[in-house]
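A.B. asks: for reference, the sequence and a predicted model appear below.
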Amino acid sequence: MTTASNLPGPPAAALNLPGPPAAALNLPGPPAAASQAGVADPSLTEDSAAVRRAIEYYADQGWTDGLPVVPVTESYLAEFLAQTDRDPADVLLAMPHLNRECTVRLAAINAALAGCRPEYLPVVLAAWESLAAEGYATRAIWQSTTGTAPFLIVNGPVCERIGLNSKGNVFGSGFRANATIGRAIRLGVINAFGLRPRELDQATQGTPAKYTACMAENEEESPWAPLHVEFGLDPADSAVTALTIRSTLHVEARHTQMPEQLATDIGGTISRTGALVHETTSALLVLSPEHARLFHNAGWSKEDVRQYLYENAVRTPAELAAAGKDALSSRTRWRLPSDHPDAQPGSAVNGDVPVRMLNSPAAVLIVVAGAGNAGVSAIVETMGPRGGPPPVTKVHMAP
Amino acid sequence: MPAVSICTDPFVLTAQAMARSYGFPGFEYLSIPHPVASLTAEQIRDRVRDFMPDLLRILGVE
């Protein structure tokens, strides 16, 4: 059989253009071919020195996240701005305490820098609007030592149109739209607001999600209504829901067909004591299709899952006391030991009654994503909502 | 009203960046050792005793 990978290195193979089936399946080729992956044909790189100069220029300006960016000219920017009928001067998100704002123009520049295609821009704009509606960004969360990341969930027909991944490796690399839309927001945070690490961004450690975090919901394999429909939009609408997140935690549960066991495993992941700064925590539950079907086949709705988690994501008073988190500060309502001078009288828990780590069923959002190949789901620890609806924001496509 | 901003040492770079963004590049902060959040009440009292002369100096108290 002849495949691209054992032909003597034609330019098309080096550039990863679609090839015959074996190449499309990414079967390992001979070492010589593998060593050519990523190397472009000389005819495409006559100006490679100029490209490298531009990349270095951007790095020297501090306009990057550490990875190379795509150089942006006014004419390239115009291709992005043609994707929206909004005024380039429109403000998407303002931070008065920094005297900075992100306009449509700045959002477009950073989308281009991030490697977006121009047609991704309406999703990027909706993401900024969703972040503004969510409210944590304008309350300076991106300067906090906690070190959060903006996390985007995209729903609706736009996902297929621009190739957003909702299936295998949904949090991982390999999909341009996911990788670059999430990065467009982070580059905007750095460049529009000047929130550079170790300057105005005081994150103690941050999170790998700060490079990029954008997923689509696997609506096709979900037994339930997708997120945007659950919160009032039409299935034909496209929407972005932006959340401020901390960690993404695996829930490995390939062992059971019982919804109570699965939900208890998930609840135990939500209720870890390290998640507790405040009295309670909140989470986005990203169920794999297998886990979603397990709940659905047992007759559980999303609301049933949420209710079970609300009642069973708990810690005993003894567990909280052992971690020094059994009382609340009278000033900040943060958790601290009951013998701390700031402990609010009467706030300490004791006895045997388990303490709920969620303040309501609505503190858990649920989406379905990932491949339908294993019982692996995820808890994404969010900074909210803890009761209010999430900022589901419609994507406005250019006319 | 005269005021002094107090921060712990690791926050000085950020504090200076905020001062620059407000147009006061030379703004003087009172910087104290880190951490504070986990100190006991007695340790907090010691901290305050230690930094009081510096605080009064920044305020301009003779």
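C.D. replies: Thanks, I have the structure now. Residues are numbered from 1 along each chain as shown, chains lettered A, B, ... in the order given.
A.B. asks: ok, the residue nearest to A:Tyr136 when sequence neighbours are not counted - contacts?
C.D. replies: Residue nearest to A:Tyr136 in three dimensions, not counting chain neighbours: A:Thr244, with 4.1 Å by C-beta to C-beta, 6 or more residues apart in numbering or on different chains. From N, CA and C alone the C-beta is placed, and that goes for glycine too. Contacts for A:Thr244 (C-beta atoms under 8 Å, 6 or more residues apart in numbering or on different chains) come out as A:134, A:136-137, A:141, A:148-151, A:382-384.
A.B. asks: now A:Arg254
C.D. replies: A:374-376.
A.B. asks: how about 10 Å then?
C.D. replies: Counting by C-beta atoms under 10 Å, 6 or more residues apart in numbering or on different chains, A:Arg254 makes contact with A:290-291, A:374-376.
A.B. asks: so where does the residue nearest to A:Tyr136 fall, helix or strand?
C.D. replies: A:Thr244 belongs to strand A:239-252 when assigned by DSSP states H and E.
A.B. asks: enumerate the positions of that strand that are buried.
C.D. replies: Residues of strand A:239-252 classed as buried: A:239-249, A:251 (neighbour count, 16 or more other C-beta atoms under 10 Å in any protein chain shown).
A.B. asks: off-centre distance for that strand?
C.D. replies: How far strand A:239-252 lies from its chain's middle: 6 Å, per C-alpha atoms, centre = their mean, to the nearest Å.
A.B. asks: partners of it in the sheet?
C.D. replies: Paired with strand A:239-252 in the same sheet, following DSSP bridges, are strand A:149-155 (antiparallel), strand A:376-382 (antiparallel), strand A:392-394 (antiparallel).
A.B. asks: separation between the closest residue to A:Glu381 other than its chain neighbours and chain B?
C.D. replies: Nearest residue to A:Glu381, sequence neighbours excluded (C-beta to C-beta, 6+ apart): A:Arg246, at 4.3 Å. According to C-beta to the nearest C-beta, to the nearest Å, A:Arg246 and chain B sit 18 Å apart.
A.B. asks: re the thing from before, past the strand holding A:Thr244, which element shows up next along the chain?
C.D. replies: In N-to-C order, the element after strand A:239-252 by DSSP H and E is helix A:259-270.
A.B. asks: now do that next one: which elements does it pack against?
C.D. replies: strand A:239-252, strand A:282-287, helix A:289-297, helix A:302-312, strand A:314-315, strand A:364-368, strand A:376-382 (3 or more C-beta pairs under 10 Å, 6 or more residues apart in numbering or on different chains; DSSP states H and E).
A.B. asks: where along the chain do the helices fall?
C.D. replies: Answering for chain A, as no chain was given. Remark: helices assigned in chain A by DSSP state H are A:11-14, A:21-24, A:31-34, A:48-61, A:74-81, A:104-114, A:121-134, A:158-162, A:176-191, A:227-230, A:259-270, A:289-297, A:302-312, A:317-322.
A.B. asks: chain B, not that one
C.D. replies: Using DSSP H, helices in chain B cover B:12-21, B:41-59.
A.B. asks: what number of residues lie near whichever residue of the stretch 151-300 of chain A sits closest to chain B?
C.D. replies: As assessed by C-beta to the nearest C-beta, chain B sits closest to A:Glu199 within the stretch 151-300 of chain A, at 4.5 Å. Using other C-beta atoms under 10 Å in any protein chain shown, A:Glu199 has 17 neighbouring residues.
A.B. asks: close to chain A: what parts of chain B are there?
C.D. replies: B:10-11, B:13-18, B:20-23, B:37-38, B:40-42, B:44 (C-beta under 10 Å from any C-beta of the partner chain).
A.B. asks: whichever of those residues end up buried, select them in ChimeraX.
C.D. replies: Applying 16+ other C-beta under 10 Å to these, the buried members can be selected in ChimeraX as follows:
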select /B:11,14,15,16,17,18,21
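A.B. asks: reformat the strands paired with strand A:239-252 as a markdown table; add mean pLDDT and mean neighbour count.
C.D. replies: Output for those, formatted as a markdown table (pLDDT from 0 to 100; neighbours: other C-beta atoms under 10 Å in any protein chain shown):
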| stretch | mean pLDDT | mean neighbour count |
| --- | --- | --- |
| strand A:149-155 | 98 | 26 |
| strand A:376-382 | 97 | 23 |
| strand A:392-394 | 98 | 21 |
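A.B. asks: got TSV for these, with distance to A:Gly66 too?
C.D. replies: Shown next, in TSV, are those (distance: least, C-beta to C-beta, whole Å):
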stretch	distance to A:Gly66
strand A:149-155	15
strand A:376-382	23
strand A:392-394	29
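A.B. asks: among the ones you listed, which is nearest A:Ala363?
C.D. replies: strand A:376-382 (8.7 Å; C-beta to C-beta).
A.B. asks: buried stuff in stretch A:132-152?
C.D. replies: So for stretch A:132-152, counting by 16+ other C-beta under 10 Å, buried means A:132-134, A:136-138, A:141-144, A:146-152.
A.B. asks: so where's chain B uncertain?
C.D. replies: Judged by pLDDT under 70, chain B has no weakly predicted residues.
A.B. asks: what about A:Thr280, neighbour count?
C.D. replies: Around A:Thr280 there are 18 residues (other C-beta under 10 Å).
A.B. asks: let me fix that, I meant to ask about A:Val353.
C.D. replies: A:Val353, neighbours per other C-beta under 10 Å, totals 10.
A.B. asks: ok, the one 5 residues further on next?
C.D. replies: By the measure other C-beta under 10 Å, the count of residues near A:Leu358 is 23.
A.B. asks: same check on A:Asp265?
C.D. replies: There are 17 residues near A:Asp265, going by other C-beta under 10 Å.
A.B. asks: my guess is it meets A:Val251, correct?
C.D. replies: Yes. Assessed by C-beta atoms under 10 Å, A:Asp265 is found in contact with A:Val251 at 6.0 Å.
A.B. asks: shared neighbours of the two, which are they?
C.D. replies: With C-beta under 10 Å, 6+ apart, A:Asp265 and A:Val251 have common neighbours A:291, A:375, A:377.
A.B. asks: surely the second one touches A:Met258?
C.D. replies: So the one you mean is A:Gly375. No. Using C-beta under 10 Å, A:Gly375 is not in contact with A:Met258; the gap is 12.0 Å.
A.B. asks: more crowded one of those two?
C.D. replies: A:Gly375 (18 against 11).
A.B. asks: where does the more buried one fall, phi/psi-wise?
C.D. replies: For A:Gly375, the backbone dihedrals (degrees, to the nearest 10) come out as phi -90, psi 70.
A.B. asks: got the contact list for it?
C.D. replies: A:251-257, A:262, A:265, A:287-288, A:290-291, A:294.
A.B. asks: go ahead and build a PyMOL selection from the buried members of these.
C.D. replies: In PyMOL, this line selects whichever of those come out buried by 16+ other C-beta under 10 Å:
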select buried, chain A and resi 251+253+262+265+287+288+290+291+294
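A.B. asks: lovely, talk soon.
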